[in-house]
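S.K.: Show me how the following folds:
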Amino acid sequence: MTDIFSLSGRRALVTGGSRGIGASIVELFARAGAEVAFCHYNDDSRAGALQAQLAKNGLTTHARSCDVSLEDDVDGMTRWLDASLGEIDILVNCAGIGGDKPFVDLSVADWDRMIAVHLRGTFLVTRAHFAKMVKRNYGRIINISSQLAYKGSPGLVHYSAAKAGIVGFTRALSYEGAPHNVTVNSVAPGPIDTDLTAGMSEQFRAMKMAQMPIGRFGRTDEIAPTVLLLASEAGSFYVGQTLSPNGGDVMV
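M.R.: Got it, this is the predicted structure:
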């Protein structure tokens, strides 16, 4: 790995880091030299397995359970981070949930939970660290959105709205961060093989793959390098951007 992509000496937090895209980001950041902490939501088993796997390669990580939609949980995690790592340099807001439902069947509780985890969670965790990054005149914030922020999908109105909100949040906050060397960007993946897509029917998966120019769903390790770019000095000129590794899905 060339120096321009190195995260040596940097401290990073990845939310939703015990599985899926988050876990791939945790692993790649650790391999790039960062001291990495990640949070998960009541997923101690997978978090422990990821830490043990990385430890075999001499990579130490820090993990904690946290519901990013709850202010008290986020405040507690921030105090834990300050004590165990110190102030972070890189934040990746990756925590998210899935669940498809036709709009006519969508309850207020369904809507509120989706918005709370994706959008409120991104706000709460970013708020906990943004001012400290500004004060230190350094920070990298990467928010995980989705290509559905742009194209939408039947049955995923609440998910698409939450992810579109993250894109708007990213663009607006980038104006406030950039003068202080705090870059704010987002990544909008296409369909990826994760727990969120595992529940799709085989018929839907086959239809979706047939639509995509690349002919398949992506892997989580195909998304993490884009996040590394934005977190490293190689991405220092990206401000308020949304990069979309999506296999051509947005062209469909």
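
S.K.: Ignoring the adjacent residues along the chain, who's closest to Ala162?
M.R.: The shortest distance from Ala162 to any non-neighbouring residue, by C-beta to C-beta, 6 or more residues apart in numbering, is to His118 (3.7 Å). Using the backbone N, CA and C atoms, a C-beta is placed for each residue, glycine as well.

S.K.: how about that neighbour, secondary structure?
M.R.: helix (DSSP: H, G, I helix; E, B strand; the rest coil).

S.K.: tell me the contacts of it?
M.R.: Ala95, Gly96, Ile97, Tyr159, Ala162, Lys163, Gly165, Ile166 (C-beta atoms under 8 Å, 6 or more residues apart in numbering).

S.K.: Tell me which helix or strand in the protein has the weakest average pLDDT.
M.R.: Within the chain, no helix or strand scores below helix 195-198, which has a mean of 72 by mean pLDDT, DSSP states H and E.

S.K.: From the contact counts, what lies against that helix?
M.R.: If contacts are counted by 3 or more C-beta pairs under 8 Å, 6 or more residues apart in numbering; DSSP states H and E, helix 195-198 sits against no helix or strand.

S.K.: in it, what's buried?
M.R.: Applying a neighbour-count criterion of 16 or more other C-beta atoms under 10 Å, one finds Leu196, Thr197 buried in helix 195-198.

S.K.: One more: stretch 161-170?
M.R.: Ala161, Ala162, Lys163, Ala164, Gly165, Ile166, Val167, Phe169, Thr170.

S.K.: which other residues reach stretch 105-113?
M.R.: So stretch 105-113 is contacted by Ser69, Ile97, Gly99, Lys101, Val157, His158 (C-beta under 8 Å, 6+ apart).

S.K.: 7 Å instead?
M.R.: Identification of contacts with stretch 105-113 by C-beta atoms under 7 Å, 6 or more residues apart in numbering yields Lys101, Val157, His158.
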